[in-house]
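# let's see this in three dimensions:
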Amino acid sequence: MAEIQTIARQKKEIPHSDEPPKPIKEFMSMMFQSGPFPPQILEKITDRHIDKALEISEKAQANQIIENKSIRRYMFLTLIVGVLGFSFLVYYLRDDTNLLISLVGILLSFIGGFGAGYGYCRYKI
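Numbers count the residues shown, from 1 in each chain. Next up, the predicted model:
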């Protein structure tokens, strides 16, 4: 019982205030001020600024379309080279079937591993 009274006395001696501690107060004030655009900037935006932002967005979209076309061409070229290489391999090793089967198995394993890694990477993004 004496311990409880001691703890109660010590609790009453601790200074208490209704305001949150200073670090919490600073953090809360930062949260209220931060945002996509501070209010001062919103007041200064004009029609020219909006037009410029739209132009930049259009250019970025056009560049993305060009980049996507380039990627598709590269992937198609890679597919053609792969098919030609596989055809070359099958044509010149058609007499030695054991070696051909081993090489095809290794090639398919490599392609499967590459596809799994590519899919995993795309999934993580």
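# how about the helices of this structure, start to end?
Ranges of helices in the chain, per DSSP state H, are 2-13, 22-33, 39-44, 47-92, 97-124.
# weakest of those helices by average pLDDT?
The stretch with the lowest mean pLDDT among these is helix 22-33, which comes in at a mean of 64.
# neighbours around Ile65, how many?
Counted with other CB atoms under 10 Å, the burial measure for Ile65 works out to 10 neighbours. Just so you know, the C-beta spots here come from the backbone N, C-alpha and C atoms, and that holds for glycine as well.
# ok, now Leu103?
15.
# excluding chain neighbours, give the residue nearest to it in space.
With CB to CB, 6 or more residues apart in numbering as the criterion, Leu103 has its nearest non-adjacent residue at 6.4 Å, and that residue is Leu89.
# what are the structural domain limits within the protein?
Taking automatic domain parsing as the domain assignment, the ranges for the chain are 45-92, 95-125.
# could you dump these into a markdown table and include distance to Ile7?
Formatted as a markdown table, the entries for the domains of the chain read as follows, by distance: least, CB to CB, whole Å:
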| stretch | distance to Ile7 |
| --- | --- |
| domain 45-92 | 58 |
| domain 95-125 | 52 |
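# nearest to Gln5, out of those?
Between Gln5 and the domains of the chain, the shortest gap by CB to CB is with domain 95-125, which sits at 59.4 Å.
# so which bits of that closest one are buried?
Buried residues in domain 95-125, defined by neighbour count with 16 or more other CB atoms under 10 Å: none.
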